[in-house]
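**Student:** sequence first, predicted coordinates after that:
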Amino acid sequence: MSKANIATNDQMLENVTFDELKIGRKASLTRTLTQWDIELFAAMSGDVNPEHMDPVYAKSDMFHSIIGHGMWSGALISTVLGTVLPGPGTIYLEQDLKFKKPVRLGDKITTSVTVHSLRADKPIATFDCVCVNGNGETVVEGLAAVMVPTKKISMLRHDMPEVEIQTHDYYREIIDSAQKLQPIRTAIVHPVHANVIESLMDAVAEKLIIPVLIGPRARIEAAAKEAKADLTGWEIIDTEHSHAAAAKAAELAAAGKVDAIMKGSLHTEELLEAIVPSEVGLRTAHRMSHAFVMAIPAYPKPLIVTDAAINIAPDAAMKVDICQNAIDLWHVLFGRDKLPKVAILAAVETVNPKMQATVDAATLCKMADRGQITGGIIDGPLAFDNAINLEAAKEKGIVSPVAGDADILVVPEIESGNMLVKQLSFLGNADAAGIVLGARVPIILTSRADNLRARLMSCALAVKVSAARHEGKIK
């Protein structure tokens, strides 16, 4: 027999039968948590909690770094039981686990199972299970009950399947590309809460913005103290209240002294009231509109949703600018090599004169045919399902270059748009970074519910839009 045909011990799996088990018998394995483990577990389980996947977000959580999935450690227990003790033929019956400490990237975890008790009437055993890190700290512990094989099994270990994981982090790509540009002077309007200051610290650390803090100095400094932030080197413009802060930010933007405006601790309406009037000098040829750039785990590419934040009930003429602003943003972010697919949303896919959203959609499509909206492929009316799901579109017999593959969703009005974005965020684990377009400077509208990743992405969008405007790529 040739050497290649001889199976070594590490290639074999051999079980321990119930009759061979003794209380106190123990088996262990050691495994180091890697980025590959995290990505593979996420792909297998669908658990893309940003605590495991997003290093930017993870910096802001209670552990301040990426941690492994809790059940990754649980899977190691299953591995010991299923391949070592008792080994092949073991059937899981019950498992309880207590998670004592997080497992971080690079942690070497030793997983041990020890026979705790044996049933007299059935081949069932209970095992003490424990996972210990390199510092000797218990990270997971619990009890497992298994049905133990009664017949001896010895067999070759199956080869591990080859797996390739393809991940595409659009947010990180855009943030990285924005960091290659100059950070923009950004007027921060009324930043009087600690969470706003904390977000600014991260945006400054990522070299995206140079903050100009506008508001009551005493309240800004109190917020910085609470956030444990050192404002040395940050410009502060003292104003009496939030109204004055918004007006000052608009004045600086109109004079070209700041490149962007960011909402701090005030209502969006209050900020926009200082920016929108034509006499302020920030209006452009296009109506101002808001766009969310969304990263949705269940959707294979970025998705822009507009307008879900500013224009309450836009008519067809307003929607022309809303469409054009979103298309221009898409080109700024993803280039001009291809045209974005724009879906004009409604409740149904056919034009119904009694449903204004469908009439507006048909109007916009014809205006695009006449060159009144440029740079995109536009179709509608499309319901949400057939705009983003090809099978849903085929089921309804829709033939469209946009259906099932939309890059941009234009919502009928603010209520449906707002609900759509929040459903995607809170039920679909999507990130939503927002920006106001159509002004002479980009306007960053963040929400208190935004995570750090979304806040940084909003700043990156402003950097990209500001650079494009200076280069004359958008009007």
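**Tutor:** Sure, I can see it.

**Student:** wasn't Ser112 part of a strand?
**Tutor:** Yes. Counting by DSSP: H, G, I helix; E, B strand; the rest coil, Ser112 is part of a strand.

**Student:** contacts for stretch 176-183 next, please.
**Tutor:** 204, 206-210, 459-461, 463-464, 467 (CB atoms under 8 Å, 6 or more residues apart in numbering). From N, CA and C alone the C-beta is placed, and that goes for glycine too.

**Student:** show me the beta-bridge partners of Cys129.
**Tutor:** Val113, Gly142 (DSSP bridges).

**Student:** return the residues in contact with it.
**Tutor:** 77, 95, 97, 111-113, 140-144.

**Student:** please redo it, this time with the cut-off set to 6 Å
**Tutor:** 77, 113, 142, 144 (CB atoms under 6 Å, 6 or more residues apart in numbering).

**Student:** okay, now the domains of the chain?
**Tutor:** 11-156, 170-470 (automatic domain parsing).

**Student:** let me know which of the ones you listed is tucked in deepest.
**Tutor:** Mean neighbours per residue, mean count of other CB atoms under 10 Å, is largest over the domains of the chain for domain 170-470, with a mean of 20.

**Student:** rewinding a little: closest one of the contacts of stretch 176-183 to Lys338?
**Tutor:** Closest approach between these and Lys338, by CB to CB: Lys464, at 17.7 Å.

**Student:** so the closest one touches Phe334, yeah?
**Tutor:** No. Under the criterion of CB atoms under 6 Å, Lys464 is not in contact with Phe334, lying 10.4 Å apart.

**Student:** tell me where the model's unsure across this protein.
**Tutor:** 1-10, 56, 163-168 (pLDDT under 70).

**Student:** turn the contacts of Cys129 into JSON lines, including distance to His290.
**Tutor:** Shown next, in JSON lines, are those (distance: CB to CB, whole Å):
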{"residue": "Ile77", "distance to His290": "48"}
{"residue": "Val113", "distance to His290": "55"}
{"residue": "Gly142", "distance to His290": "48"}
{"residue": "Ala144", "distance to His290": "52"}
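
**Student:** between which two of the residues you listed is the distance greatest?
**Tutor:** Farthest-apart pair in those is Val113 and Gly142; separation 10.2 Å (CB to CB).

**Student:** residue ranges for the helices of the stretch 151-300 of the chain, please.
**Tutor:** Shown for the stretch 151-300 of the chain, the helices assigned by DSSP state H, counting those that start in this stretch span residues 170-179, 194-205, 217-226, 242-254, 268-275.

**Student:** turn the ones you listed into JSON lines, including distance to His286.
**Tutor:** Listed next are those as JSON lines, based on distance: least, CB to CB, whole Å:
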{"stretch": "helix 170-179", "distance to His286": "22"}
{"stretch": "helix 194-205", "distance to His286": "26"}
{"stretch": "helix 217-226", "distance to His286": "33"}
{"stretch": "helix 242-254", "distance to His286": "16"}
{"stretch": "helix 268-275", "distance to His286": "14"}
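
**Student:** closest one to Asp405 among the ones you listed?
**Tutor:** Using CB to CB, the helices of the stretch 151-300 of the chain put helix 170-179 closest to Asp405, at 15.8 Å.

**Student:** could you pull out the helices for the stretch 351-475 of the chain?
**Tutor:** Counting by DSSP H, counting those that start in this stretch, the helices of the stretch 351-475 of the chain are 356-369, 384-388, 390-395, 414-426, 452-470.

**Student:** and these: which comes nearest Leu33?
**Tutor:** Leu33 sits nearest to helix 452-470 of all the helices of the stretch 351-475 of the chain, at 21.7 Å, using CB to CB.

**Student:** helices or strands up against that closest one?
**Tutor:** On a contact count with 3 or more CB pairs under 6 Å, 6 or more residues apart in numbering; DSSP states H and E, helix 452-470 meets helix 55-58, helix 170-179, helix 194-205, helix 316-334, strand 431-437.

**Student:** can you check what angle separates it from helix 414-426?
**Tutor:** 130 degrees (axes from the mean of the first three to the mean of the last three CA atoms, to 10 degrees).

**Student:** quick one: contacts of stretch 268-280?
**Tutor:** 189, 246-247, 250, 263, 282, 445.

**Student:** of the helices of the stretch 351-475 of the chain, which is nearest Ile174?
**Tutor:** Closest to Ile174 of the helices of the stretch 351-475 of the chain, according to CB to CB: helix 452-470, at 5.2 Å.

**Student:** off-centre distance for that closest one?
**Tutor:** Offset of helix 452-470 from its chain centre (CA atoms, centre = their mean, to the nearest Å): 16 Å.

**Student:** alpha carbons of that helix, as CSV, please.
**Tutor:** Only the C-alpha atoms of helix 452-470 are listed here, as CSV (Å, rounded to 0.1, in the frame of the first residue of the first chain):
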residue,chain,number,x,y,z
LEU,A,452,-22.0,55.7,13.8
ARG,A,453,-21.6,54.0,10.5
ALA,A,454,-24.6,55.9,9.0
ARG,A,455,-23.4,59.2,10.5
LEU,A,456,-20.0,58.8,8.9
MET,A,457,-21.5,57.8,5.6
SER,A,458,-23.7,61.0,5.7
CYS,A,459,-20.5,63.0,6.1
ALA,A,460,-18.8,61.1,3.3
LEU,A,461,-21.7,61.8,1.0
ALA,A,462,-21.3,65.5,1.8
VAL,A,463,-17.6,65.4,1.0
LYS,A,464,-18.3,63.7,-2.4
VAL,A,465,-21.1,66.1,-3.3
SER,A,466,-19.1,69.1,-2.3
ALA,A,467,-16.2,68.0,-4.5
ALA,A,468,-18.5,67.3,-7.4
ARG,A,469,-20.1,70.7,-7.2
HIS,A,470,-16.7,72.5,-7.1
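
**Student:** Asp379 is in contact with Ser400, correct?
**Tutor:** Yes. Counting by CB under 6 Å, Asp379 is a contact partner of Ser400 at 4.8 Å.

**Student:** so which helix or strand takes in Thr30?
**Tutor:** Secondary structure from DSSP states H and E places Thr30 in strand 26-32.

**Student:** what helices or strands is that strand leaning on?
**Tutor:** Looks like strand 26-32 contacts helix 70-83, strand 108-118 (3+ CB pairs under 6 Å, 6+ apart).

**Student:** relative to strand 26-32, how tilted is the first one?
**Tutor:** Using the same axes, to 10 degrees, the inter-axis angle of helix 70-83 relative to strand 26-32 is 140 degrees.

**Student:** quick one: name whatever helix or strand follows helix 70-83.
**Tutor:** Scanning onward from helix 70-83 (DSSP H and E), the first element met is strand 91-99.
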